[in-house]
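1. Give me a 3D structure for the following:
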Amino acid sequence: MLIEDVTKLIRNCAETMNSMYGSVVFDEWVVLSVTEDKAKVLNYAGPRKQDFISNLKSDLGELRPKLLAHEHNPGDFEFARYANGTSFEAFMVVGDGVFLLCNNTSESMERIAKDPRWLNAQIPFVEMAENFRKNPLLDWS
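-> Have a look, this model is predicted:
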């Protein structure tokens, strides 16, 4: 999969999740290449493009140790149940060393998950994960 394909898949997933949930689930979606010494934004959609990189380390919050803890395979994902504000609520592995970060900058994951519509809204997210598992991002240059 190419970065353009990833971007389209994320956009479609976001639209479907929002439709199933009845409002915006994640208003910030970031594709990020992570190496040992730096992170590079491959795609950003959200309300705080100017501030994103400068706040990345702190905004990873409770997801940071999970993201850095072990090897991940494309399609693996984690949620941060108690993240709120600009702290990321989820990440998904898109390819080798490339992650999708998801965030709702005004609601917590805890509040989102309490809504019964969240169960159905997760379906496109899991389908996107399966898509990355079968067809990971290979070229982002």
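
2. tally of neighbours for residue 89?
-> Residue 89 has 28 neighbours, counted by other C-beta atoms under 10 Å. For the C-beta atoms, the positions are set from N, CA and C on the backbone; glycine is no exception.

3. Help me confirm that it comes into contact with residue 109.
-> Yes - Residue 89 is within contact range of residue 109, at 4.0 Å (criterion: C-beta atoms under 8 Å).

4. Need the phi and psi values for the closest residue to residue 44 other than its chain neighbours.
-> Distances taken as C-beta to C-beta, 6 or more residues apart in numbering put residue 30 closest to residue 44, at 5.2 Å, once the chain neighbours are dropped. Main-chain torsions, residue 30, degrees, to the nearest 10: phi -130, psi 130.

5. State the distance from residue 30 to residue 76.
-> 17 Å (C-beta to C-beta, to the nearest Å).

6. quick one, which of the two is more surrounded?
-> residue 30 (24 against 16).

7. so what's the more buried one up against?
-> Shown in contact with residue 30 (C-beta atoms under 8 Å, 6 or more residues apart in numbering): 41, 43-46, 52, 100-101, 103.

8. One more pass at 7 Å, please.
-> 41, 44, 52, 101 (C-beta atoms under 7 Å, 6 or more residues apart in numbering).

9. next one: residue 110
-> 81-82.

10. From residue 118, how far out is it?
-> 11 Å.

11. What about residue 124, how many residues nearby?
-> With other C-beta under 10 Å as criterion, residue 124 counts 20.

12. quick one: what helix or strand has it in it?
-> helix 117-134 (DSSP states H and E).

13. Can you tell me which helices and strands that helix packs against?
-> helix 3-21, strand 90-95 (3 or more C-beta pairs under 7 Å, 6 or more residues apart in numbering; DSSP states H and E).
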